[in-house]
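Enquirer: Need coordinates for the following:
(one chain, ligands or ions: 1)
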Amino acid sequence: MEGKTREEMGKSMMTETWLRKHRSLYLGATRHPFIRSIRDGNIDLSSFKTWLGQDYIYVRAFVPFVASVLTKAWKGSDDSSSDMEVILGGVAALNDEISWFKKEASKWGVQLSDIVPQKANQDYCRFLESLMIPEVEYTIAITAFWAIEAVYQESFAHCLEDGTKTPAELQETCQRWGNEGFGQYCNSLRKIADRQLEKASDDIITKAEVTFLRVVEHEVEFWNMSHGGT
Ligand SMILES: Cc1ncc(CN)c(N)n1
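Expert: Numbering: from 1, shown residues only. Here you go, the predicted structure:
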């Protein structure tokens, strides 16, 4: 791709274009102070517990969102059976994730039934709901799905790199999203998004870019909330 213009590249590498164009915002999510504090070993454990409880609520709202992406893939994809396999794999992983949250919460003494969603979480869940309606195109929904998963994958993989001081008791959390298998799953989602964007109209591409930006902003707000914000 080196040295090629956008026209020569076509629309096939749209996610790459956005990641470059919005690099500082994206790094604001994947290198957030909350993540840095895990990586540097000086995380405040009450922040971690806040994140754990809030993310459990988020994941419960995320499941119907992913189910809605699956429904959209059924009719809206150019390669629906292959896309549906990837997305169904995501649903299966979320089933496991919910069990993990319950186990982890009991380990940390977090009472999940007492958790009240904070504003940033409510806003993010409302945003997910807005993407679930049938009028939202598959291309937009799959772009959001990829971005949501990619931010977690890159954030937690960052905590597992050589030389980091991630506390032993948080290694499992980081592995959950930072492992190679989850990385490959994110790559599959990204390829689907790029394939859909390649044949999309300019209007859809613009909408998808805005959706990508909203996801990254919500992710930053989510970390802020966990890191002592409101
Ligand atoms: C806020 C948030 N964003 C993403 C993920 C990864 N499914 C998550 N669990 N929570």
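
Enquirer: and Gln184, how many residues sit next to it?
Expert: 11 (other Cβ atoms under 10 Å). Bear in mind the C-beta positions are built from the backbone N, C-alpha and C, glycine included.

Enquirer: and Trp74, what pLDDT?
Expert: Trp74 carries a pLDDT value of 94.

Enquirer: residues contacting it?
Expert: Neighbour list for Trp74: Ser80, Met84 [criterion: Cβ atoms under 8 Å, 6 or more residues apart in numbering].

Enquirer: Point me to the helix or strand that includes it.
Expert: Taking DSSP states H and E as the definition, one finds Trp74 inside helix 45-76.

Enquirer: Tell me if that helix is near the ligand.
Expert: Yes - Helix 45-76 comes into contact with the ligand (Cβ under 6 Å from any ligand atom), by way of Asp55, Tyr58, Val59, Phe62.

Enquirer: ok and the helix or strand that that helix is followed by relative to helix 45-76, angle-wise?
Expert: The helix or strand immediately downstream of helix 45-76 is helix 80-108, counting by DSSP H and E. Interaxial angle of helix 80-108 relative to helix 45-76 (axes from the mean of the first three to the mean of the last three Cα atoms, to 10 degrees): 160 degrees.

Enquirer: Surely Phe65 is in contact with Met132?
Expert: Yes - with contacts counted by Cβ atoms under 8 Å, Phe65 reaches Met132, the gap being 5.8 Å.

Enquirer: more crowded one of those two?
Expert: Legend: neighbour count by other Cβ under 10 Å for Phe65 and Met132, higher for Phe65 (20 against 17).

Enquirer: Nearest spatial neighbour of the more buried one, chain-adjacent residues omitted?
Expert: In this structure, Phe65 finds its nearest non-sequential neighbour in Leu128, 4.3 Å apart by Cβ to Cβ, 6 or more residues apart in numbering.

Enquirer: repeat for Ala93
Expert: Nearest residue to Ala93, sequence neighbours excluded (Cβ to Cβ, 6+ apart): Tyr185, at 7.4 Å.
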